[in-house]
Each structure stands twice: as structure tokens, then as C-alpha cells.
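*Asks:* Turn this into a structure:
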Amino acid sequence: MENNKSKPASRTGKYFKYAIGEILLVVMGILIALQVNNWNVDRVQRISEVKYLNNIKLDLQKDLASLSYQIDFRNEKVKRLEKLINQINGLAVDDIDELAKNVFFTLMEERFTPNNSTYTELASSGNLSLISNDSIKKLLLELEELYKTNNFGIDHELFEYREYISKPMFKFTNTDQLFPVYSGDKTASEQNISIENFQGLFQSPEYKNGLVISNLMSMDFIPLYKNIQSKSQKIIDLIDEDIE
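*Replies:* Numbers count the residues shown, from 1 in each chain. You can find the predicted model right below:
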């Protein structure tokens with residue numbers, strides 16, 4: 001009789017073990033499925049991240065070429081403006097061709113416009129978190145602040161340019177007469193330009209003040225652009241390391 005009673009108990013134990021095994025298999029299956037799903041999500045996110053990183057790199061490479069030009073332009077502008085300011089202050093003019101070119105050059109405008117469309121898209125869409133490298137993210141944020149400084153400076157310079165340089169230029173000079181000298185097509189003598197053509201301009205306090213302000217701003221832009229240049233190159237290097 002005892003043997004008969006033990007058989008149902010033995011069968012119950014087997015069923016219980018079987019049920020536990022089934023549950024464990026189901027749990028393991030769910031865990032594996034979750035792991036595979038997470039791996040797929042990470043893989044898709046990484047593909048998107050690499051795509052964004054490559055686009056950011058392309059944007060910054062374009063900026064580097066532009067920044068090199070901007071720095072050269074600003075250095076040239078400082079040199080020409082300082083020469084004009086010194087001549088207004090009494091330095092003898094010994095080269096009318098150079099004077100004509102420098103005066104016309106003061107009409108030249110250049111502004112650095114960053115290629116930050118990829119970063120802007122990331123930030124506006126809330127996908128900045130896709131960039132997993134904190135160093136890259138930090139430098140991108142720092143660049144954005146430098147871009148704001150650049151934009152503020154450009155807007156300020158543009159106002160000063162219109163008020164204090166272009167207005168006196170159009171009032172006291174004949175730009176159509178100066179341009180062939182600036183472009184190198186003709187000499188000042190061939191254009192009948194002499195020192196007397198610049199007396200009104202040189203006596204304009206607005207023009208002198210405009211030159212001084214423009215010169216100071218150009219000197220500020222040079223280190224700013226070098227800083228942007230340095231950070232841009234660091235980001236490119238970090239992206240190369242991250243992708244590799």
C-alpha cells in the first residue's frame with residue numbers, strides 16, 4: 001500500500017520539475033529575445049551615430065578651409081588698415097597705387113559662416129544623446145558658443161562698416177575710379193588719381209573711427225578663428241578615433 005501511495009507523489013514531483021523547466025525555458029527565451037532586441041537597437045543607434053559623426057566631420061573639414069582663408073583675410077586687413085590709419089595721422093604717402101588699393105580694400109567684407117547644419121539637426125531633434133563620446137559632445141557645445149561670439153562680432157562689425165566706412169567712402173571717393181587700380185588692371189596715374197583725391201576722406205572723423213574699430217575687431221577675430229580651428233581639428237581627430 002505504501003508503494004502505491006508513493007507513485008502519485010513521485011509523478012507530481014516530476015510534473016513540478018517539468019513545469020519549472022518549462023518556465024525557465026520561457027524566461028531564458030524572453031531574456032535572449034530582449035538581449036537580441038537590445039543588440040539590434042544598439043546596432044541601429046551606432047549606425048546612426050557613425051552617420052552623424054561622418055557628417056559632422058565633413059562640415060568641420062569645410063570650416064577648416066574657410067577658417068584658413070578668414071585668418072589670412074583678417075591679417076591682411078589689419079596690415080592695410082593700420083597703414084591707412086598711420087597715413088591719416090600724418091605718415092607720408094609714398095605710393096598712390098598702394099593707397100588706392102588699401103582704401104578700396106576697406107569696402108571688402110568677409111564673414112565666417114560655420115557649416116553646423118548636422119549639429120543643429122542633432123540638437124533640434126533631441127538626438128544629441130546619440131553621440132556617445134562625451135569629449136566630442138563637449139567640444140561641439142564649446143564650438144557652438146564660439147559661433148555665437150562670431151555672429152555677434154560680425155553683426156556689430158557690419159553696423160560699424162555701414163555707418164563709418166561705406167558712407168564716407170561713397171561721399172568722398174569715386175569707387176568706380178579706384179576699382180581698376182585695386183584689381184591691378186590700371187595704375188593710379190592712368191586713372192588720374194592723386195593724393196588730393198583722398199583729402200576729404202582722410203579728414204572724415206567717421207572714416208578714421210571706422211578704420212580703428214574695424215582694425216580692433218579684425219584683431220579679435222584672428223584668435224577667435226584660430227580657437228575654432230583648433231577645436232574643429234580636435235573633434236575631427238576624435239571622430240576618426242571613435243569610428244576606427
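*Asks:* Tell me where the protein is predicted with low confidence.
*Replies:* 1-19, 21-22, 24-25, 29, 31, 33-43 (pLDDT under 70).
*Asks:* could you pull out the helices for it?
*Replies:* When assigned using DSSP state H, the helices of the chain occupy the ranges 2-88, 96-105, 117-125, 134-160, 167-172, 175-183, 199-202, 205-243.
*Asks:* is it possible to export those to TSV including distance to S189?
*Replies:* For every residue, glycine as well, the C-beta is placed using N, CA and C. TSV is the format used below for the helices of the chain (distance: least, Cβ to Cβ, whole Å):
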stretch	distance to S189
helix 2-88	19
helix 96-105	7
helix 117-125	49
helix 134-160	33
helix 167-172	20
helix 175-183	9
helix 199-202	18
helix 205-243	24
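*Asks:* quick one, which of those helices is nearest to R111?
*Replies:* Evaluated over the helices of the chain, closeness to R111 peaks at helix 134-160, with 4.7 Å, by Cβ to Cβ.
*Asks:* what angle do the closest one and helix 205-243 make?
*Replies:* 160 degrees (axes from the mean of the first three to the mean of the last three Cα atoms, to 10 degrees).
*Asks:* next one: helix 134-160 to chain centre, how far?
*Replies:* 7 Å (Cα atoms, centre = their mean, to the nearest Å).
*Asks:* got a list of what S117 touches?
*Replies:* By Cβ atoms under 8 Å, 6 or more residues apart in numbering, the residues touching S117 are D59.
*Asks:* I'd like the distance between it and N55.
*Replies:* Relative to N55, S117 is positioned 8 Å away (Cβ to Cβ, to the nearest Å).
*Asks:* try L139
*Replies:* Separation of L139 from N55 (Cβ to Cβ) stands at 16 Å.
*Asks:* One more: D63?
*Replies:* Distance from D63 to N55, counting by Cβ to Cβ: 13 Å.
*Asks:* more crowded one of these two?
*Replies:* The residue with more neighbours, out of D63 and N55, is D63; 24 against 16, by other Cβ atoms under 10 Å.
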